[in-house]
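Q: need coordinates for the following:
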Amino acid sequence: MAQKKKKEMTQKKAVRIDTAEHEEMLEGISRREQLEHDEEVEDEESDDESGGEESSEEEEGEDDA
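A: Predicted structure coming up:
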């Protein structure tokens, strides 16, 4: 089984990183998730204030135009 994992990792060009670099990456992910969450809360609040509710599908369609 170790051979299979090693082959898979080689195919995906996996690299080993140190603990500090890994924690930096996790902090970056956490910051982005927090920003996305904050934006979603602000959008919901502005929808509540305007009295209109738009579905996420309609919002996504507007971005494509």
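Q: state which helix of the chain is the longest.
A: Ranked by number of residues, the top helix in the chain under DSSP state H is helix 19-50.
Q: by mean pLDDT, point me to the weakest helix or strand of this structure.
A: helix 56-64 (a mean of 50; mean pLDDT, DSSP states H and E).
Q: okay, now D43: neighbour count?
A: Other residues within reach of D43 by the criterion other Cβ atoms under 10 Å amount to 13. Every residue, glycine included, has its C-beta placed from N, CA and C.
Q: relative to S30, how far out is it?
A: Applying Cβ to Cβ, to the nearest Å, one obtains 20 Å for the distance of D43 from S30.
Q: repeat for E44
A: Here the distance between E44 and S30 works out to 21 Å (Cβ to Cβ).
Q: can you check H37 too?
A: Computed as Cβ to Cβ, the H37 to S30 distance reads 10 Å.
Q: any stretches of the chain with poor pLDDT?
A: 1, 50-65 (pLDDT under 70).
Q: residues contacting the spatially most central residue of the chain?
A: Central residue of the chain (Cα atoms, centre = their mean): E33, 6.1 Å from the mean position. E33 makes contact with no residue, according to Cβ atoms under 8 Å, 6 or more residues apart in numbering.
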